[in-house]
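Visitor: give me a model of this one.
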Amino acid sequence: MERKLQLEELECLRLEAYENSKIYKEKAKTFHDQNIRRKSFKIGDEVLVYNSRLRLMLGKLRSRWDGPFIVVDVKPYGVVEVVHPINGTRFNINGYRVKPYHTQPKHAKELEIFLLGEVPNDQ
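Guide: Here you go, the predicted model:
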């Protein structure tokens, strides 16, 4: 009789653990979904495209983003059609592999850079 009670208690603990796991997964999913930033692109926007093949090459300082490309069409389910501005190749790409390209404003000031060994001539 005591053994049966222990088995029932063990079964209750197991079911409670499953329920706690389910609650945790739901909370983690809602937290993750709240922090996703939706990207919306319009025709004519300039974007950068993630190049996943660079992962195999050496050079950790090398940028994995190519571009800028120009958005030609935005299709359903997050597909973006882009065109290369120089050679005109068009291709479709998933919206998760694309990010907006921010150009420098025209009214931005240019910085003057001096190397440590050089002394500017004030004449």
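Visitor: mind checking the longest strand of the chain?
Guide: Using DSSP state E to define each element, the chain has its longest strand at strand 65-74.
Visitor: contact partners for the residue most central in space within the chain?
Guide: Most central in the chain under Cα atoms, centre = their mean is Tyr96, positioned 6.1 Å from the mean C-alpha point. Shown in contact with Tyr96 (Cβ atoms under 8 Å, 6 or more residues apart in numbering): Gly78. Placement of C-beta: from N, CA and C, glycine included.
Visitor: same question, the one 5 residues further on
Guide: Tyr101 makes contact with 45-48, 67-68, according to Cβ under 8 Å, 6+ apart.
Visitor: repeat that for 6 Å
Guide: 46-48, 67-68 (Cβ atoms under 6 Å, 6 or more residues apart in numbering).
Visitor: in TSV, list these along with pLDDT and neighbour count.
Guide: Shown next, in TSV, are the contacts of Tyr101 (pLDDT from 0 to 100; neighbours: other Cβ atoms under 10 Å):
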residue	pLDDT	neighbour count
Glu46	93	16
Val47	95	21
Leu48	94	19
Gly67	82	18
Pro68	91	17
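Visitor: make TSV from those and add distance to Leu5 to it.
Guide: Output for the contacts of Tyr101, formatted as TSV (distance: Cβ to Cβ, whole Å):
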residue	distance to Leu5
Glu46	70
Val47	64
Leu48	64
Gly67	67
Pro68	70
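Visitor: between which two of the residues you listed is the distance greatest?
Guide: Maximum pairwise distance among these (Cβ to Cβ): 8.2 Å, between Glu46 and Leu48.
Visitor: I'd like to know how far Phe41 sits from Thr103.
Guide: 15 Å (Cβ to Cβ, to the nearest Å).
Visitor: could you check which of those two is surrounded by more residues?
Guide: Phe41 (18 against 8; other Cβ atoms under 10 Å).
Visitor: what's near enough to touch the more buried one?
Guide: By Cβ under 6 Å, 6+ apart, the contact set of Phe41 is 71, 74, 80.
Visitor: let's see it at 10 Å
Guide: Applying Cβ atoms under 10 Å, 6 or more residues apart in numbering, we find Phe41 in contact with 47, 71, 73-74, 78, 80, 82, 95, 98-100.
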